[in-house]
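Asks: need a 3D model of the sequence below.
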Amino acid sequence: MIIQRGTEEEIRPDQVRAMAHGVYYLAGIDGITEKERELIASFLKEGGVDLDPDSLAKIPFSLEELLYSLDTVFLRKTFLKVCVLMAQADGTVSDAEMAELRRVAQALGVDEPLDALIAELEGTTLS
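Replies: Here you go, the predicted structure:
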């Protein structure tokens, strides 16, 4: 599941780690499911980051690190889309998850409304 920006560009390991950490943080709002843990583990492995998802829980989440690592609008929107899909993976998106997603989107400076990103993902799932 490596996200490619162009034909030859892949996201860097620090970006993979930052995205996985952010996804783990947001998924943890209503409790990490085994499916979510497996998806995050797969993302880390495919991104060349030798870190297991449970190790992410031991590292304080830093919005500043996320802002620094996700240095383009493309990466920030991609991150938010992955977060939305992960939030939907357990069948429900809690109010607390939505509120935090909105806060993170605002902090990332993504002008596109979160509802528009959600609508764009209609029928898409992580697998």
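
Asks: now the protein, which segments are flagged as low pLDDT?
Replies: 1-9, 123-127 (pLDDT under 70).

Asks: tell me where it has helices.
Replies: 13-27, 34-46, 53-56, 63-69, 73-89, 95-108, 114-120 (DSSP state H).

Asks: got JSON lines for these, with mean neighbour count too?
Replies: All C-beta atoms are positioned from the backbone trio N, CA, C, and that covers glycine. Below are the helices of the chain laid out as JSON lines (neighbours: other C-beta atoms under 10 Å):
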{"stretch": "helix 13-27", "mean neighbour count": "22"}
{"stretch": "helix 34-46", "mean neighbour count": "17"}
{"stretch": "helix 53-56", "mean neighbour count": "17"}
{"stretch": "helix 63-69", "mean neighbour count": "15"}
{"stretch": "helix 73-89", "mean neighbour count": "20"}
{"stretch": "helix 95-108", "mean neighbour count": "15"}
{"stretch": "helix 114-120", "mean neighbour count": "13"}
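
Asks: and the gap between His21 and Leu108?
Replies: Distance, His21 to Leu108, by C-beta to C-beta, to the nearest Å: 14 Å.

Asks: scratch that, Thr33 is what I was asking about
Replies: 25 Å.

Asks: now swap in Arg76 and tell me
Replies: Distance from Arg76 to Leu108, by C-beta to C-beta: 4 Å.

Asks: shared neighbours, those two?
Replies: Leu70 (C-beta atoms under 8 Å, 6 or more residues apart in numbering).

Asks: my guess is Gly47 contacts Ala20. True?
Replies: Yes. Taking C-beta atoms under 8 Å as the definition, Gly47 is a contact partner of Ala20 at 7.5 Å.
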